[in-house]
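K.L.:
Let me see the structure of the following:
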Amino acid sequence: MDLDISDILADVSRSAHHLSQSSYPHSGHAADTDTDIFTDHQLLTRAWTSERCAPDLLPYPTELMERVMSRVQAQIARIEDLASGMGEGEVAAGGGRDRGAAGGGGTQNANLVLSILQTDLSRTQFLVRSFLRQRLAKMTKYAMWYLGQNEDRKTAYLSVAEARFLRNHQALLSEFYDVSFLSAFPAGLRRLDDTSGGVRMVEGPDSGAAVVVRCLSEMWANAEDVERGVEERESQRDDAEGGAASVELRMRGGQVWVVRWRDVRAGVERGNLELL
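P.N.:
Residues are numbered from 1 along each chain as shown. Down below sits the predicted model:
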């Protein structure tokens, strides 16, 4: 091959850096660097892991997903250019070789670059798809519970597309239930959110589920969250029932604990803790 493998990897890195800059031509992201890309990949991986481990929905990372999806689109465009032969000259130029010397090995080099880009794209697409599927699974399982939350909570935890999907999903499901069997019931037994008899039909996420967390901050404590939970329970807020922190915890950086989700949820959402 005409190019050393390190030259090819460097060329791919420069191409990714150029694409990430061109993705934000009129924004503060113009100074996007390889470090920023790597950091966003770490954040996406952490968001994916946390979403898989948390029994409840976590706040939707709007800005992170916008950056990641913009880079994915740029990567797809780059791959299409290479696949159609438009990128061969750029690969040869990036390797510091003259066009004539690149004749035989240029195609091989382009194929290797294409393979690297496709592998990187597949890795990112897997994380994004799995992340969204985890969220969809929770939303469909507890659809009525999430729809019953106040608007501030829904805005913070759901993206615009997710909120629209959730409303449409529940509307179709309710219509299906009504046509299938609810219409045959007496009018007083047709509600899907009945609370008579002291038992709620609407099931929410299990805030008492055990999770494994690691402390990312030098020191973390949830005393304020526990106090806030006491106030919420005293005010008998429906969305606070069983979901507010109740046990005071204090962790040092690097410690790994098994705790109840409700006691560490605020710390995870603020980035002081990560789920494992």
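K.L.:
for Arg191, helix, strand, or coil?
P.N.:
The three-state label for Arg191, taken from DSSP: H, G, I helix; E, B strand; the rest coil, comes out as coil.
K.L.:
show me what contacts it?
P.N.:
Contacts were defined as C-beta atoms under 8 Å, 6 or more residues apart in numbering; by that measure Arg191 touches Met201. All C-beta spots, glycine's among them, are computed from the backbone N, C-alpha and C.
K.L.:
distance of it from Val199?
P.N.:
Applying C-beta to C-beta, to the nearest Å, one obtains 13 Å for the distance of Arg191 from Val199.
K.L.:
and what of Gln75?
P.N.:
With distances taken as C-beta to C-beta, Gln75 is found 51 Å from Val199.
K.L.:
ok, now Gln125?
P.N.:
In terms of C-beta to C-beta, Gln125 sits 43 Å off from Val199.
K.L.:
and if you look at Met139?
P.N.:
Applying C-beta to C-beta, one obtains 23 Å for the distance of Met139 from Val199.
K.L.:
More neighbours: which of these two?
P.N.:
Set side by side, Met139 and Val199 show unequal neighbour counts under other C-beta atoms under 10 Å, the larger going to Met139 at 21 against 7.
K.L.:
so where does that one fall, helix or strand?
P.N.:
Taking DSSP states H and E as the definition, one finds Met139 inside helix 103-141.
K.L.:
how many neighbours does the residue nearest to Ser159 when sequence neighbours are not counted have?
P.N.:
Counting by C-beta to C-beta, 6 or more residues apart in numbering, Ser159 lies nearest to Tyr60, which is 4.5 Å off, once chain neighbours are set aside. Counted with other C-beta under 10 Å, the neighbours of Tyr60 add up to 20.
K.L.:
tell me the secondary structure for Tyr60?
P.N.:
Using three-state DSSP as the criterion, the local structure at Tyr60 reads coil.
K.L.:
which ones are touching it?
P.N.:
Tyr60 makes contact with 135, 156-159, 162, according to C-beta under 8 Å, 6+ apart.
K.L.:
The residues you listed in strands, which ones?
P.N.:
When those are checked against strands using DSSP state E, none is located there.
K.L.:
quick one: which two of these are the most distant?
P.N.:
With C-beta to C-beta as the measure, no two of the contacts of Tyr60 lie farther apart than Arg135 and Ala156, at 13.7 Å.
K.L.:
Tell me which of these two has more neighbours.
P.N.:
Using other C-beta under 10 Å, the more surrounded residue of Arg135 and Ala156 is Arg135, with 18 against 14.
K.L.:
And the pLDDT for the more buried one?
P.N.:
Looking at Arg135, its pLDDT stands at 96.
K.L.:
The one 3 residues further on too?
P.N.:
We note a pLDDT of 95 for Lys138 in this prediction.
K.L.:
Run a quick neighbour tally on it.
P.N.:
As a burial measure, the neighbour count of Lys138 was computed by other C-beta under 10 Å and equals 19.
K.L.:
Equivalent analysis for Ala245, please.
P.N.:
Burial of Ala245 is recorded as 25 neighbouring residues (other C-beta under 10 Å).
K.L.:
Tell me who's in contact with it.
P.N.:
For Ala245, the contact set (C-beta under 8 Å, 6+ apart) comprises 222, 225-226, 228-229, 262-266.
K.L.:
mind checking how far it is from Val230?
P.N.:
In this structure, Ala245 and Val230 are 9 Å apart, going by C-beta to C-beta.
K.L.:
again with Ala110
P.N.:
Relative to Val230, Ala110 is positioned 64 Å away (C-beta to C-beta).
K.L.:
Those two - which one has more neighbours?
P.N.:
With neighbours defined as other C-beta under 10 Å, Ala110 and Val230 compare such that Ala110 has more, 22 against 14.
K.L.:
from what I can see the more buried one touches Leu82, true?
P.N.:
Yes: under the criterion of C-beta atoms under 8 Å, Ala110 lies in contact with Leu82, with a separation of 5.9 Å.
K.L.:
my guess is Arg78 contacts Leu117, does it?
P.N.:
Yes: checked against C-beta under 8 Å, the pair Arg78 and Leu117 is within contact range at 6.2 Å.
K.L.:
all helices of this structure, in order?
P.N.:
For the chain, the helices defined by DSSP state H occupy 5-22, 34-53, 62-83, 88-94, 103-141, 143-147, 151-157, 160-180, 223-234, 261-270.
K.L.:
Since that was my last question, I'll sign off now.
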